[in-house]
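Novice: quick one, what's the 3D model for this:
(one chain, ligands or ions: 2)
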Amino acid sequence: MIRRAAVVGAGVIGAGWTTLLASKGYEVSFYTEKEETLTKGLAKVRGYLEVMKTNSLIQEDVENVMKRISTFNDLESSVKGADIVIEAIIEDYGAKKALFSKLDKMLHGDVILASSTSGLLMTEIQKAMERHPERGVIAHPWNPPHLLPLVEVVPGEKTSQETLDRTKDFMEKLDRVVVVLKKEVPGFLGNRLAFALFREAVHLVDEGVATVEDIDKVMTAAIGLRWAFMGPFLTYHLGGGEGGLEYFFSRGFGYGANEWMHTLAKFDKFPYTAVKKAVEQMKEYAFIKDKSFQELSRWRDKKLLDVYRVVWSK
Ligand SMILES: NC(=O)C1=CN([C@@H]2O[C@H](COP(=O)(O)OP(=O)(O)OC[C@H]3O[C@@H](n4cnc5c(N)ncnc54)[C@H](O)[C@@H]3O)[C@@H](O)[C@H]2O)C=CC1
Ligand SMILES: O=C(O)[C@@H](O)C(=O)[C@H](O)[C@@H](O)CO
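Specialist: Ligands and ions are numbered 1, 2, ... in the order given. Sure thing, here's the model as predicted:
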């Protein structure tokens, strides 16, 4: 039974996890080494909770929720008594392996060590865990973790079934939508799918076919609308009409796409020219011109919640 959680890392994701855990009634330890970073992280948590309160995602006062959060600049003190430690530090194997090695030495074998990584492999991180690698697991959230429900749970080679089961159970207690990967693959599911599309988007900008703003319009005025409540398989099963996905592939759009799929981008690293063009064009992106990051974040969170209520409200 998981009663207490510790979050290591006080950035975007660490603050998101801390917000989610405390809002669901858990006592949370919130740690990062630098006091200034921790202060900024806690301010993020307060801001996230205010958005949740404004949108009726929490009923109790923000200050009451904040009381369940204890902050630390000392790692050992922060994880004392935790049943699960959720790592949310920089996306770097060296930093993560150093941290997991320390935590593995510090903590009893039944404490779960979960990484938020966007696509690194737990098998690699487990090489630094000499005592209990079986308790290492990936719990990959989607930003913002306190609003987007998906968590991808990914085992490493040494992850035990018990660790997987306990992690899945805990994430479901946090009202997450949990997908447990059957096989470990870098980038997991969501980011591989998102970056396959993003690679093509960047390619089309590099080729001068469309601007970043028009690419985004294509997503928000069509593809993204459908994908908000139907994934690609259901989308194209319906695209096949009465014949479903089988017709789609045999005689439908999927068959027709065979004529041009060879023209899709194939690069495995973003070309410098493409990155330069896309970054340059963001300066001309009309919608964001007069808005701060905070204003855009508030706008994003409001939209996310509006869509979430339509798609996911029971
Ligand atoms: N930002 C995003 O959209 C998402 C990020 N992730 C993953 O979550 C993890 C954290 O990402 P963010 O919160 O965006 O990063 P961030 O850069 O906002 O925060 C990282 C935090 O780690 C700590 N830190 C920095 N260097 C460290 C070191 N050398 N050793 C120990 N702690 C250190 C600091 O508290 C810092 O705030 C990464 O693995 C990232 O891939 C997962 C889902 C979404
Ligand atoms: O997109 C998200 O929220 C996450 O799944 C991610 O992991 C981030 O986009 C990551 O790829 C970049 O930080």
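
Novice: what separates stretch 56-73 from the chain centre, distance-wise?
Specialist: The chain centre lies 22 Å from the centre of stretch 56-73; the measure is C-alpha atoms, centre = their mean, to the nearest Å.

Novice: quick one: average pLDDT of it?
Specialist: Regarding stretch 56-73, the rounded mean pLDDT is 97.

Novice: and if you look at stretch 93-109?
Specialist: 98.

Novice: quick check: residue 25 is in a helix.
Specialist: No. Counting by DSSP: H, G, I helix; E, B strand; the rest coil, residue 25 is not part of a helix but coil.

Novice: distance-wise, check the closest residue to ligand 1 within the chain relative to residue 78.
Specialist: Residue of the chain nearest ligand 1, by C-beta to the nearest ligand atom: residue 11 (1.9 Å). From N, CA and C alone the C-beta is placed, and that goes for glycine too. Using C-beta to C-beta, to the nearest Å, residue 11 is found at 15 Å from residue 78.

Novice: just residue 267 next, same as before
Specialist: 41 Å.

Novice: who's more crowded, the two?
Specialist: residue 78 (21 against 11; other C-beta atoms under 10 Å).

Novice: does that one really touch residue 29, like I thought?
Specialist: Yes. At 4.4 Å, residue 78 and residue 29 qualify as touching, with contact defined as C-beta atoms under 8 Å.

Novice: which neighbours do the two share?
Specialist: Common contact partners of residue 78 and residue 29 (C-beta atoms under 8 Å, 6 or more residues apart in numbering): 6, 70, 72.

Novice: quick one: contacts for the last one?
Specialist: Contacts of residue 72 were listed using C-beta under 8 Å, 6+ apart, and they are 29-31, 38, 78.

Novice: now render those as JSON lines, adding distance to residue 271, pLDDT and secondary structure.
Specialist: Compiled in JSON lines, these are given as follows (distance: C-beta to C-beta, whole Å; pLDDT from 0 to 100; DSSP: H, G, I helix; E, B strand; the rest coil):
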{"residue": "29", "distance to residue 271": "43", "pLDDT": "98", "secondary structure": "strand"}
{"residue": "30", "distance to residue 271": "40", "pLDDT": "98", "secondary structure": "strand"}
{"residue": "31", "distance to residue 271": "39", "pLDDT": "98", "secondary structure": "strand"}
{"residue": "38", "distance to residue 271": "38", "pLDDT": "97", "secondary structure": "helix"}
{"residue": "78", "distance to residue 271": "42", "pLDDT": "98", "secondary structure": "helix"}
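
Novice: near ligand 2, which residues of the stretch 1-150 of the chain show up?
Specialist: The stretch 1-150 of the chain comes close to ligand 2 at residues 118, 142-143, as judged by C-beta under 6 Å from any ligand atom.

Novice: who does residue 138 form a beta bridge with?
Specialist: Going by DSSP bridges, residue 138 is paired in beta bridges with residue 115, residue 154.

Novice: how far away is it from ligand 2?
Specialist: 11 Å (C-beta to the nearest ligand atom, to the nearest Å).

Novice: same check, this time on residue 97
Specialist: 19 Å.

Novice: which other residues reach the helix or strand hosting residue 100?
Specialist: Element membership of residue 100, judged by DSSP states H and E, is helix 93-106. With contact meaning C-beta under 8 Å, 6+ apart, helix 93-106 is reached by 8, 75-76, 79, 85, 87, 89, 113, 115, 117, 120, 124-133, 135-136.

Novice: which of those residues count as buried?
Specialist: Neighbour-count burial (16 or more other C-beta atoms under 10 Å) is assigned, among these, to 8, 75, 79, 85, 87, 89, 113, 115, 117, 120, 124-129, 132-133, 135-136.

Novice: out of those residues, which are close to ligand 1?
Specialist: When contact is defined as C-beta under 6 Å from any ligand atom, the buried ones among the contacts of helix 93-106 meet ligand 1 at 89, 117.

Novice: now, the buried ones among the contacts of helix 93-106 that are in helices?
Specialist: 75, 79, 124-126 (DSSP state H).

Novice: out of those residues, which is nearest to residue 239?
Specialist: Of all those, residue 239 sits closest to residue 124, with 39.0 Å by C-beta to C-beta.

Novice: how about the nearest residue to that closest one, chain neighbours excluded?
Specialist: Among residues not flanking residue 124 along the chain, residue 93 sits closest, at 6.1 Å (C-beta to C-beta, 6 or more residues apart in numbering).
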